[in-house]
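J.: For reference, the sequence and a predicted model appear below.
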Amino acid sequence: MSLISDYFANTLSEGDFEEYRVVALGKNGNGKSATGNNFLGNGTFISLCSAKSVTENCRCDSAIRFGKRLVYVDTPAFFDIEKPSEIIQKEIIKCIALSSPGPHAFLLIIKVDRFTPEEKNTIDLCRNIFGHEFYNHLIVVFTHKDKLDKSGKSLQQFIADAPSDLQNVLKRNNNICIAIENEASPEEVEIQMKELFTLVTVVVGLNRGKHYTNTTYENIEKRLLKEEDKQRKSRMDNLTRTINDKKESLKQKNKDVKEEEELLLAYVVSLQSNTEATSSEESQSAEAKINKLYIENEQLKYEIIMMKNEIRRIKKESKDYPNKPGSFRENIRKMIESEGGQLVLNFLKEHGLDILTWGIIAMKSYLKK
């Protein structure tokens, strides 16, 4: 595997990919959330030993790791018997939006255990929705590696004894897989996550740098980019209004400073003509007030400069990346999560059934089986 990784590391420049997006799939309790926490190096996703699914909805988070921004989409078990098909459909659509413009890799998280019918159904569902191209972006991640270690088996031996359904999946994805132990020591976990990241880069290399996409992804991406541009313009309008308000405030403060200086000058003249004056408290008070106004003026000037710089940055982003995600993409992902995917559903309402494409229709027919 290292030879493949080295080959593609040489064919793809370091700056080609700033962000890697992965979507985790699998049944309850297999370790999707724990793998996500370790992969990102944080504790975003709730991970508990439970027979019931802890992840009820698609969740997304990102982190800078291994020199790249990693985006991890944690999904609920699509075949949870407590979830009706319309909820599953909504979560799949949400998953597509959160990983837009398309995941670089799908992680099928499976325990080092038997390959269950639910896991086979998940694979079949994904193939129906995403097409056979899905396999070209698939990494099989076996969790609970400690079971392998205790049994004295290698991963290759485990796969050799696995059911034909699992072996067929591995044949279709070029046998790209890894065994990890999420409860290992921090040092061991870090080594395993680097190996998993290397596999992601291998998948990207095998696909010649292309992330997975289909009509559904492309349509939702257009809507996200439109929303992103809308947010940019709204941000610039708000900054412009704030700058104008601060400029007005600055004018008023300059006027106040001038008035205070005139009062202070008049007071100093009166002191000079009044030899009986023995106290300069009023003079000191006026000077302190002027100094405070000067400081406030400088603060306002600094804030205006910073806001103008932000406007220039947003304009540059709009000019340089008219059709690419910008720095607001993280906010949009959070918006999708916080609104329970409502933004995505609004996109769908605007575009009708066309945006659903053959994939969602295939999913509906599959769930009716």
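T.: Everything's here; your move.

J.: Going by C-alpha atoms from here, please, whenever you check contacts or count neighbours.
T.: Noted.

J.: Now Leu300: which helix or strand?
T.: helix 281-320 (DSSP states H and E).

J.: and the helix or strand just after that helix, which residues are buried?
T.: Remark: after helix 281-320, the chain's next helix or strand is helix 329-338, criterion DSSP H and E. Going by neighbour count (16 or more other CA atoms under 10 Å), the buried part of helix 329-338 is 329-330, 332-334, 336-337.

J.: quick one: Lys27 and Leu108 touch, right?
T.: No: here Lys27 does not reach Leu108: they are 9.3 Å apart, not a contact under CA atoms under 8 Å.

J.: per-domain residue ranges of this structure.
T.: What the record gives for the chain is the domain set 2-212+354-367, 220-338, from automatic domain parsing.

J.: just those: most buried one?
T.: domain 2-212+354-367 (a mean of 18; mean count of other CA atoms under 10 Å).

J.: for the stretch 201-350 of the chain, what are the low-confidence residue spans?
T.: Low-confidence segments of the stretch 201-350 of the chain, defined by pLDDT under 70: 267-284, 286, 322-328, 337-350.

J.: try 50 this time
T.: Along the stretch 201-350 of the chain, segments meeting pLDDT under 50 span 275-278.

J.: can you tell me the helix or strand for the residue nearest to Lys289 when sequence neighbours are not counted?
T.: Nearest non-adjacent residue to Lys289, counting by CA to CA, 6 or more residues apart in numbering: Glu260, 7.9 Å away. Assigning secondary structure by DSSP H and E places Glu260 in helix 215-273.

J.: what residues are up against Arg21?
T.: Listed by CA atoms under 8 Å, 6 or more residues apart in numbering, the contact set of Arg21 reads 70-73, 99, 102-105.

J.: let's see it at 10 Å
T.: Contact partners of Arg21, counting by CA atoms under 10 Å, 6 or more residues apart in numbering, are 62, 69-73, 98-106, 200, 211-212.

J.: likewise Phe197?
T.: Phe197 neighbours (CA under 10 Å, 6+ apart): 20, 39, 65-66, 70, 191, 203.

J.: Need the residues touching each of Lys27 and Leu108.
T.: Common neighbours of Lys27 and Leu108 are listed as 119, 122 (criterion: CA under 10 Å, 6+ apart).

J.: Can you check my assumption that Val73 lies in a strand?
T.: Yes: the assignment for Val73 (DSSP: H, G, I helix; E, B strand; the rest coil) places it in a strand.

J.: From Ile220, how far off is it?
T.: 16 Å (CA to CA, to the nearest Å).

J.: Asn309 now?
T.: Distance, Asn309 to Ile220, using CA to CA: 31 Å.

J.: Ok, Phe197 next?
T.: Phe197 is 27 Å from Ile220, by CA to CA.

J.: Next, Phe106: secondary structure please.
T.: Classified using three-state DSSP, Phe106 is strand.

J.: next one: Arg69
T.: Using three-state DSSP, the structure places Arg69 in strand.

J.: Surely it is in contact with Phe39?
T.: No: using CA atoms under 10 Å as the test, Arg69 is too far from Phe39 to be in contact (11.3 Å).

J.: So for the two, which residues contact both of them?
T.: Each of 62-63 lies in contact with both Arg69 and Phe39 under the rule CA under 10 Å, 6+ apart.

J.: contacting residues around the closest residue to Ile290 other than its chain neighbours?
T.: Leaving aside its sequence neighbours, Ile290 sits nearest to Val257 (CA to CA, 6+ apart; 5.9 Å). Shown in contact with Val257 (CA under 10 Å, 6+ apart): 251, 263, 289-294, 297.
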